[in-house]
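Q: okay, predicted coordinates and the sequence, questions at the end:
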Amino acid sequence: LCRDPFSLRQTRSSDQAILLTVTTHDAGALASSLTNFMAPIQVRIVALFIFLSTVSPTNAVPMCAPDAEATVGAKANIGASSHPENTVTNKKWVLHQRPKGSFCPNSDVQLETETICHSSLKNDEILVQTSVLSCDAFIRTMLDEEAHHGVVPIRGTLPAIGFGKVIAAGPDAKKKIGTTVAGMMGAQTHARVKANEAFPMLTFPFMSRTASLGLMGMSSGLTAYAGVFYVCRKPRKGETVVVTGAAGAVGSVAAQLCKTTGARVIGVAGGEKKGAYLVDSLNLDGAIDYKSDKSLEEQIGELCPDGIDFIYDNVGGKTLDALLSRINPGARIVICGAISQYSGRLNKGLVEGPSNYLKLAEQNAQMCGFTVMQYMMRLPFMLCGMFYLYLRGKVHLTEHFETGIESFPHALHKLFTGGHIGKMLVDLKNDT
């Protein structure tokens, strides 16, 4: 890995979440290799910011054998960890009972407190003081006993991607105290994780630090990017596109990306406030309100009189079924998620599938599902493309913050009740 100036490797964490690590031995070589590998001017710009991010003191982490300074730091860490007074109080949310239907933040989880002693860390472990956590819909799917992406056991800590600062490290961890790292931290104020399951957090010029969890994050912005440009033939100028869940983290980015192709884009969301956001803030061509007195079919007919050529679906259920009835010949349907089916239906044989699926055959259309992990080798292109569009003012992501670890389960609940717009994040600065 150290000989290769730009290498990608995947590591599987204990709860089966796959994280991508971008390792660089020489930041200058990375920038050079990216510039030579891809020609467009935006790639040269992104190569420069990757160079700047990599050499930033905040992100400096020895990726090979530690140098003398790192070795001294590790010895100092060991000495500090063995001191009996080096302890922290961790507050974490654990699963109390499996949700029966919709997730209930008041009964399905419990907030527990524990003391973590620095000296209890294993040789390859680090202790991270969590700063910000991402609240994503996949968390709900992991609370079911039949979950596909890994099961959270009873009394287990709720999963959550986030970033924070290393405050203690084992002798073999190869992570410096003070380094900011990202990974599967869990819904807690202090995360005790294996060093190889936490990676240096990339920061992006002209973007907030939380962009790595949102617009430039795997579970949000880059998922949208892969779904729009890689899964099926991307939208074309003049085509009609419909994006469901368009006021959420993935949907709002996907809708803006579709607009960059010259297509006519309609968003689906619930409520007048979100409808106004889609039209006024995201500059979409129309909004379908599934909470309106008008039926979905009636609104689709009004806003898509010439049919639908491309669907980016995050919702599933009745919404997808109504859209399938209006698809044109050669239409493409990208299945990113089905948030309407996550609360007690998934993996139990109760998912409400599209009864209009035969329209795919009638219209010679295609429906493709995906996860962003299937497109890991295209990560450099996704980062470059997204950053270029951001610099041009073509895409942005609204961030919704809840404060304090106590708010985490309620933030998760809001994902399914429509209580937010954009990316849901939990800021833990008051807890640490």
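A: Right, received. Where do you want to start? Numbers count the residues shown, from 1 in each chain.

Q: rounded mean pLDDT for the helix or strand containing residue 139, please.
A: Assigned by DSSP states H and E, residue 139 belongs to helix 138-141. Over the span of helix 138-141, the pLDDT mean works out to 92.

Q: who does whichever helix or strand comes after it touch, helix- and strand-wise?
A: Scanning forward in sequence from helix 138-141 by DSSP H and E, the next helix or strand is strand 161-169. For strand 161-169, the elements it packs on are helix 68-81, strand 125-134, strand 180-184, strand 190-194, judged by 3 or more CB pairs under 8 Å, 6 or more residues apart in numbering; DSSP states H and E. Heads up, the C-betas are built off the backbone N, CA and C, glycines and all.

Q: mind checking the pLDDT average for the first one?
A: The one in question is helix 68-81. pLDDT averaged over helix 68-81 gives 39.

Q: repeat that for the last one.
A: The predicted model gives strand 190-194 an average pLDDT of 96.

Q: can you list the strands that it pairs with?
A: Paired strands of strand 190-194, with direction, are strand 125-134 (antiparallel) (DSSP bridges).

Q: angle of the partner strand against strand 180-184?
A: Angle, strand 125-134 to strand 180-184, by axes from the mean of the first three to the mean of the last three CA atoms, to 10 degrees: 80 degrees.

Q: tell me the angle of strand 125-134 relative to strand 161-169?
A: Between strand 125-134 and strand 161-169, the angle comes out at 150 degrees (the same axes, to 10 degrees).

Q: let's have the chain start at 52 instead
A: Sure, I'll start numbering at 52, so the last one becomes strand 176-185.

Q: burial measure for residue 375, as a count.
A: Other residues lying near residue 375 total 23 when counted by other CB atoms under 10 Å.

Q: what secondary structure does the residue nearest to it when sequence neighbours are not counted sit in?
A: With sequence-adjacent residues excluded and distances taken as CB to CB, 6 or more residues apart in numbering, residue 375 is closest to residue 407, at 3.9 Å. Per DSSP: H, G, I helix; E, B strand; the rest coil, the local secondary structure of residue 407 is coil.

Q: hmm, residue 376 and residue 407 touching each other?
A: Yes. The pair residue 407 and residue 376 passes the contact test of CB atoms under 8 Å, sitting 5.1 Å apart.

Q: residue contacts, residue 471?
A: 451, 462, 465 (CB atoms under 8 Å, 6 or more residues apart in numbering).

Q: so which elements touch the host helix or strand of the first one?
A: I take that to be residue 451. Following DSSP H and E, one finds residue 451 within strand 450-454. Contact here means 3+ CB pairs under 8 Å, 6+ apart; on that basis strand 450-454 packs against helix 459-468, strand 474-478.

Q: give me the contacts around it.
A: 186, 259, 261, 265, 459, 461-462, 465, 471-478, 481.

Q: just the buried residues out of those residues, in ChimeraX syntax.
A: If you want just the buried ones from those in ChimeraX, going by 16 or more other CB atoms under 10 Å, the selection is:
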select :186,261,265,459,462,465,471,472,473,474,475,476,477,478
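
Q: okay, and the beta partners of residue 385?
A: Residues in beta-bridge contact with residue 385 (DSSP bridges): residue 363, residue 419.

Q: state the distance from it to residue 297.
A: 14 Å (CB to CB, to the nearest Å).

Q: neighbour count: those two, which is higher?
A: Neighbour totals were compared for residue 385 and residue 297, and residue 297 leads with 30 against 23 (other CB under 10 Å).
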